[in-house]
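*Asks:* No letters, just coordinates:
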């Protein structure tokens, strides 16, 4: 699950940068101003992924917050990264062991 959360964080940063790029091309800064919020959420998701094996409850909470902030920040661009982070958070917080 650490890999899924890390991929979600990296994709979140990429999605936020794309959202900012598309608003620069369109000259409307409605989503572009919140792109920095999406980048911060992506970084928070990567931090949560690093902590996932050591402190699963804290890391799960960080991933849930990162997904919520990212979806609030860049809306549609952050749905896939947010879903990846939420999946990793809920699986790790449920206490089940990975079986692979």
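*Replies:* Yes, it's here. In this text the structure is predicted, and so the values were computed from the model without any measurement.
*Asks:* CA atoms for contacts and neighbours, from now on please.
*Replies:* OK.
*Asks:* Output the contacting helices and strands for the helix or strand bottoming out on mean pLDDT in the chain.
*Replies:* One helix or strand of the chain scores below all others by mean pLDDT, DSSP states H and E: helix 2-26, with a mean of 86. In terms of contacts (3 or more C-alpha pairs under 8 Å, 6 or more residues apart in numbering; DSSP states H and E), helix 2-26 is packed against helix 35-50, helix 56-74, helix 79-93.
*Asks:* Residue 78 and residue 44, how far apart?
*Replies:* 14 Å (C-alpha to C-alpha, to the nearest Å).
*Asks:* between these two, who's got more neighbours?
*Replies:* residue 78 (29 against 22; other C-alpha atoms under 10 Å).
*Asks:* residues near the nearest residue to residue 42 once chain neighbours are set aside, how many?
*Replies:* Of all residues not flanking residue 42 in the chain, residue 9 sits nearest, at 4.3 Å (C-alpha to C-alpha, 6 or more residues apart in numbering). Residue 9 has 33 neighbours, counted by other C-alpha under 10 Å.
*Asks:* Contacts only, for the nearest residue to residue 90 once chain neighbours are set aside.
*Replies:* Ranked by C-alpha to C-alpha, 6+ apart and with sequence neighbours excluded, the top spatial neighbour of residue 90 is residue 60, at 6.9 Å. Going by C-alpha atoms under 8 Å, 6 or more residues apart in numbering, residue 60 touches 48, 52, 88-90, 92-93.
*Asks:* Look at stretch 48-65 and report the distance between its end residues.
*Replies:* 10 Å.
*Asks:* What residues of it count as buried?
*Replies:* For stretch 48-65, a neighbour-count test (16 or more other C-alpha atoms under 10 Å) marks 48-52, 56-57, 59-65 as buried.
*Asks:* Mind checking the pLDDT average for it?
*Replies:* Averaged over stretch 48-65, pLDDT sits at 92.
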